[in-house]
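J.: Okay, sequence plus prediction incoming.
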Amino acid sequence: NAGVMQNPRHLVRRRGQEARLRCSPMKGHSHVYWYRQLPEEGLKFMVYLQKENIIDESGMPKERFSAEFPKEGPSILRIQQVVRGDSAAYFCASSPLQGSIDTQYFGPGTRLTVL
Amino acid sequence: QKEVEQDPGPLSVPEGAIVSLNCTYSNSAFQYFMWYRQYSRKGPELLMYTYSSGNKEDGRFTAQVDKSSKYISLFIRDSQPSDSATYLCAMKDSGGSNYKLTFGKGTLLTVNP
């Protein structure tokens, strides 16, 4: 059973470009969470999605950031007009159920570098 | 005051030592407490979880939660070089946002052979 998959693993963008980060949850998981890990900081919750629905985006910056989890295909975290402060590791996690204590499984992360 | 405080270390110990890792928190609504291990350039891997106060043991690992002091610990016995990693504490409440993990910054541990 494959784990949570994220791609690309490394992404380099110049200021002003768009970044698209993809996350394929574990098989059978319908809940996806995105976290951001800034240098010298802990992981911070960004957004929680179920298939075709955004449940909680309270941790996501209001501008330039968006997320989706379509009926078919991976979840996408999109960052428009990237700035240097967006450089971070972005982790996706998935679970089969909301709130289940032991089932938020993390992917390997996408490391975004903005030049 | 941050919701979760964790000493970032680094912590360096000899092989076979007992390691103690700790976090404090301020949000009394937290009910679930977790420890994740993160190897360099990898995603966090769940090691242990505890509900409310008490102890939980799994092999060489013991997790303790003291809700009265808002203090959680992870003990590693007979530490091995393969335990070298960053250890993250995480916690969440049991209410409407019970999916949202709040993490400490992580403690970098090196176990020297």
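T.: Structure received.
J.: and B:Ser12, what are its bridge partners?
T.: Counting by DSSP bridges, B:Ser12 is bridged to B:Thr110.
J.: Which helix or strand in chain A has the lowest average pLDDT?
T.: Taking mean pLDDT, DSSP states H and E as the measure, chain A has strand A:105-106 as its least confident helix or strand, at a mean of 92.
J.: what mean pLDDT would you report for the helix or strand just after it?
T.: Remark: after strand A:105-106, the chain's next helix or strand is strand A:110-114, criterion DSSP states H and E. Average pLDDT, strand A:110-114: 97.
J.: So what are the sheet partners of strand A:110-114 and their directions?
T.: strand A:10-13 (parallel), strand A:88-95 (antiparallel).
J.: so how far is the longest one from its chain's centroid?
T.: In terms of CA atoms, centre = their mean, to the nearest Å, the centre of strand A:88-95 is found 5 Å from the chain centre.
J.: just the shortest one next, same as before
T.: The chain centroid and the centroid of strand A:10-13 are separated by 15 Å under CA atoms, centre = their mean.
J.: mean confidence for the helix or strand following it?
T.: Next helix or strand after strand A:10-13 toward the C-terminus (DSSP H and E): strand A:19-24. For strand A:19-24, mean pLDDT is 98.
J.: so what does strand A:19-24 touch, helix or strand wise?
T.: strand A:5-7, strand A:10-13, strand A:75-79, strand A:88-95, strand A:110-114 (3 or more CB pairs under 8 Å, 6 or more residues apart in numbering or on different chains; DSSP states H and E). To be clear about C-beta, it is placed using only N, CA and C from the backbone, and glycine gets the same treatment.
J.: so after that strand, what's the next helix or strand?
T.: Following strand A:19-24 toward the C-terminus (DSSP H and E): strand A:31-37.
J.: picking up where we left off before, among the helices and strands packed on strand A:19-24, which is nearest B:Pro44?
T.: Proximity to B:Pro44, assessed across the helices and strands packed on strand A:19-24 by CB to CB, is greatest for strand A:88-95 (7.1 Å).
J.: Taking strand A:31-37 as reference, get the angle to the closest one.
T.: 160 degrees (axes from the mean of the first three to the mean of the last three CA atoms, to 10 degrees).
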